[in-house]
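Peer 1: pasting a predicted model and its sequence here:
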Amino acid sequence: MPDLRTADSSPSPVEDPPTAGAAKALTRILVTDDRPEMLHRIETVLGKLFSCEFASSVEEARLKLDAGSFELAVCDVHEEGKPGLELAEEIIEGRPGTAVLLVTREEDPAVARRAFALGVHGYLVEPLQRGQLLITVTSALRRRNSEIAARALRLNLEERFQTIIDMAPIPIYVKDASHHYVIANAKADQLAGLGRGKLVGRADATIMSPGPTESASGVDGRVLGGGSVYDAEEVMVTDGIERTFKTVKFPLVDTQSQITGVCGISIDVTDQKDALRLRDELAATQEQAIEELRLSQLETVERLTKAIELHDGSTGKHVSRMAEIASFLGDRIGLSPEHVQLLRAAAPMHDVGKIGTSADILRKPGPLTDEERREMMRHTVIGHETLSDSESKLLRMAALIALTHHEWFNGGGYPDGLAGEKIPVEGRIAAVADVFDALLSDRCYRPAMSLTEALCLMEAGRGTQFDPQIVDMLVENVDEALAHRT
C-alpha cells in the first residue's frame with residue numbers, strides 16, 4: 001500500500017482542541033466592574049484561559065486602556081446603563097482592535113437595543129453561567145478577529161483599486177446621491193483643476209460655473225432616479241482652454257440592487273487622434289490590470305508550493321508534475337477548458353497543509369507511528385483552512401483539493417470519510433494524479449516503482465481508493481500521462 005505521505009487510507013480522528021496555555025499568552029482581556037465579587041467570579045472563569053486585567057471603575061478602565069492594548073473589554077452596565085455603555089462606545093469608536101462584551105445586571109430591552117446599535121460583540125444578563133460566559137467571550141474574540149481580517153483586506157483592496165484606476169489615462173469618478181464625489185482618480189482631480197485627492201468630498205458647484213453645475217445635476221438626477229445611462233459630449237474648460245469630452249454616466253448599485261450613486265467616465269475627444277490614443281491606452285491599462293491580477297494568483301501558487309518544497313525535502317517537482325497529470329485527466333473526462341485551466345493552477349497547492357507538519361515526520365525514512373500518522377493526516381484540514389474563505393475561484397478550488405485529495409471512493413479515506421460522487425471531482429482527479437506520480441518518484445522511505453508496479457497498484461485501488469472512471473482514463477492514456485511528467 002502507498003505510504004501515507006502520498007495516498008494513505010486510514011480515516012483521521014477528531015483533532016484535540018488547542019490548549020488554554022496558547023491562548024493565555026496571546027489574548028488580553030480587560031474586565032470592568034465595581035463589585036469585587038463579580039471581578040473574582042469572572043477571574044475564576046477566565047483567568048486560566050486568558051491574560052485578564054481588572055478595573056473597578058470606568059476611570060480606571062480608561063487608564064488601563066491608555067496604558068496597553070486589549071483584545072476584549074468586558075464592561076458592566078450600571079447606573080441606568082450610562083457609564084458602561086459610554087465606555088463601550090468609546091472603545092468601539094476609538095479602539096477598533098478591541099472587542100466589547102457588555103454584562104447587565106437585569107434584562108433591559110432598551111439597553112440591549114442601544115448596545116447592539118453601538119456594535120458590541122456580545123451581551124450577557126446576570127447571573128453569569130460559566131459555560132455561557134466562555135462561549136460568549138470566545139464568540140466575541142472570533143468576531144473581533146474576523147473584523148480585523150476583513151478590515152485589512154478591505155483596505156488592501158481599496159488601495160489596489162485606487163492604484164489601478166489611477167493608472168487609467170481618463171477621468172474616472174463616482175458621486176453619491178447628494179452629488180458629492182466619493183471616488184476620483186488622478187485624471188479626474190486634474191480635470192477639476194485640483195491637487196491629487198482634493199476632488200473627493202466636493203460637489204460640482206465648487207468646481208463648475210452655475211450653468212454646467214445645473215446641467216450635471218440634471219443628468220445625475222436622471223441616472224439616480226431611473227437607472228438610465230447617459231452618453232454624450234460635453235464642453236468643459238480646463239486650464240483656461242475649452243475642450244470637448246465624451247462623457248458616460250451610469251448607475252452604481254449595491255448588493256440589494258439599489259442605486260446608490262453615479263459612476264462617470266470622461267474622454268477628451270477634442271482631437272480624434274488623441275481620442276483613439278486614449279482609448280488604446282485605456283485598453284492596455286485594463287489588460288495590464290487583469291494580467292497583474294492573474295500573475296498575482298500564479299505567484300501565490302508558486303510561493304506556497306515553494307514553501308512546501310523547502311519544508312518537505314521529498315516533494316521536489318512532484319507538485320508541478322501532479323498538476324500536469326491532473327489537468328490532462330480533467331480534460332480527458334470532459335471538464336471545460338476553463339475548469340481544466342483552473343485545476344492546473346490549483347492542484348500544486350494540494351499539499352500546502354504540510355507546511356504545518358513536522359519536517360521530521362515528512363522526511364522520516366521508516367514507517368510512521370500512529371501519532372505521527374494522525375499528525376500527517378491533519379495536513380488536509382490545515383491546507384483547507386489556509387486557502388478557504390477567499391473570493392478567488394483559484395484559491396477556493398485549491399482549498400477543496402487540499403481537503404479532499406485523500407478521500408477514498410469507497411468512503412475509507414480522510415478527513416471526512418466521503419464516498420463516491422460526494423467527493424468533488426477535483427479531489428478525485430487529484431487523488432489519482434498525486435498517487436500515480438508519487439509511485440513513480442523516489443521518496444525518503446522507498447525508491448521509485450516501475451511503471452508496471454505503479455499501474456498494478458493504481459488498478460488495485462480502482463473502485464476502493466480511486467474513482468474507476470479516472471483510473472481507467474489514466475491506464476488507457478498512460479503514455480500521454482507520462483509525457484506530462486517531463
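Peer 2: Structure's in. What do you need? None of these values were measured; they are calculated from a predicted model.
Peer 1: does residue 162 sit in a helix, a strand or a coil?
Peer 2: Taken by DSSP: H, G, I helix; E, B strand; the rest coil, the conformation at residue 162 corresponds to helix.
Peer 1: tell me the contacts of the closest residue to it other than its chain neighbours?
Peer 2: Spatial nearest neighbour of residue 162, chain neighbours left out: residue 185 (7.5 Å); criterion: CB to CB, 6 or more residues apart in numbering. Bear in mind the C-beta positions are built from the backbone N, C-alpha and C, glycine included. By CB atoms under 8 Å, 6 or more residues apart in numbering, the residues touching residue 185 are 162, 165, 166, 168, 171, 172, 173.
Peer 1: just the buried ones from those residues?
Peer 2: Buried residues within the contacts of residue 185, defined by neighbour count using 16 or more other CB atoms under 10 Å: 165, 166, 168, 171, 172, 173.
Peer 1: returning to what we had before: so for the contacts of residue 185, which is the shakiest by pLDDT?
Peer 2: Least confident by pLDDT among these: that is residue 162, with 71.
Peer 1: where's residue 427 relative to residue 463, distance?
Peer 2: 16 Å (CB to CB, to the nearest Å).
Peer 1: same check, this time on residue 334
Peer 2: Here the distance between residue 334 and residue 463 works out to 20 Å (CB to CB).
Peer 1: who has more neighbours, those two?
Peer 2: Higher neighbour count among residue 334 and residue 463: residue 463, with 13 against 10, using other CB atoms under 10 Å.
Peer 1: give me phi/psi at the closest residue to the more buried one other than its chain neighbours?
Peer 2: The shortest distance from residue 463 to any non-neighbouring residue, by CB to CB, 6+ apart, is to residue 409 (6.2 Å). Comment: the main-chain dihedrals of residue 409 come out as phi -60, psi -30, following degrees, to the nearest 10.
Peer 1: hmm, residue 425 and residue 409 touching each other?
Peer 2: No: Residue 409 is beyond contact range of residue 425, at 11.8 Å (criterion: CB atoms under 8 Å).
Peer 1: look at these two and report which has more neighbours.
Peer 2: residue 409 (26 against 19).
Peer 1: now the strands for this protein?
Peer 2: 28-32, 51-55, 72-77, 99-104, 122-125, 172-176, 181-184, 230-238, 241-253, 259-268 (DSSP state E).
Peer 1: need those strands in CSV (columns: distance to residue 386).
Peer 2: What follows is the strands of the chain, written out as CSV (distance: least, CB to CB, whole Å):
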stretch, distance to residue 386
strand 28-32, 26
strand 51-55, 27
strand 72-77, 26
strand 99-104, 24
strand 122-125, 28
strand 172-176, 35
strand 181-184, 33
strand 230-238, 46
strand 241-253, 34
strand 259-268, 35
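Peer 1: from the buried ones among the contacts of residue 185, pick the one nearest residue 69.
Peer 2: When the buried ones among the contacts of residue 185 are ranked by distance to residue 69 (CB to CB), residue 166 comes first, at 33.9 Å.
Peer 1: residue 417 and residue 352, how far apart?
Peer 2: Separation of residue 417 from residue 352 (CB to CB): 22 Å.
Peer 1: whoops, residue 264 was the one
Peer 2: As judged by CB to CB, residue 264 and residue 352 stand 43 Å apart.
Peer 1: care to break this protein down by domain?
Peer 2: Following automatic domain parsing, one finds the domains of the chain at 20-158, 168-270, 288-483.
Peer 1: just for the chain, where's the confidence low?
Peer 2: Scanning the chain with the threshold set as pLDDT under 70 gives 1-25, 79-83, 158, 161, 236-240, 271-316, 444-445.
Peer 1: what's the closest non-adjacent residue to the residue positioned nearest the centre of it?
Peer 2: In the chain, the C-alpha closest to the average C-alpha coordinate belongs to residue 390, at a distance of 3.5 Å (CA atoms, centre = their mean). Excluding the flanking residues, the one nearest residue 390 by CB to CB, 6+ apart is residue 396, at 5.9 Å.
Peer 1: the one you found: what's it in contact with?
Peer 2: Here residue 396 is in contact with 387, 388, 390 (criterion: CB under 8 Å, 6+ apart).
Peer 1: quick check: the nearest residue to the second one once chain neighbours are set aside vs residue 346, distance?
Peer 2: It stands for residue 388. On the basis of CB to CB, 6+ apart, the spatially nearest residue to residue 388 that is not a chain neighbour turns out to be residue 399, at 4.1 Å. As defined by CB to CB, residue 399 lies at a distance of 9 Å from residue 346.
Peer 1: more neighbours, the two?
Peer 2: Under the neighbour definition other CB under 10 Å, residue 399 and residue 346 were set side by side, and residue 346 has more, 28 against 22.
Peer 1: residue contacts, that one?
Peer 2: 301, 394, 395, 397, 398, 401, 426.
Peer 1: can you redo these as a markdown table with distance to residue 193 and neighbour count?
Peer 2: Putting the contacts of residue 346 into a markdown table (distance: CB to CB, whole Å; neighbours: other CB atoms under 10 Å) gives the following:
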| residue | distance to residue 193 | neighbour count |
| --- | --- | --- |
| 301 | 45 | 21 |
| 394 | 43 | 20 |
| 395 | 43 | 21 |
| 397 | 48 | 21 |
| 398 | 48 | 31 |
| 401 | 53 | 31 |
| 426 | 54 | 23 |
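Peer 1: alright, that wraps it up for me.
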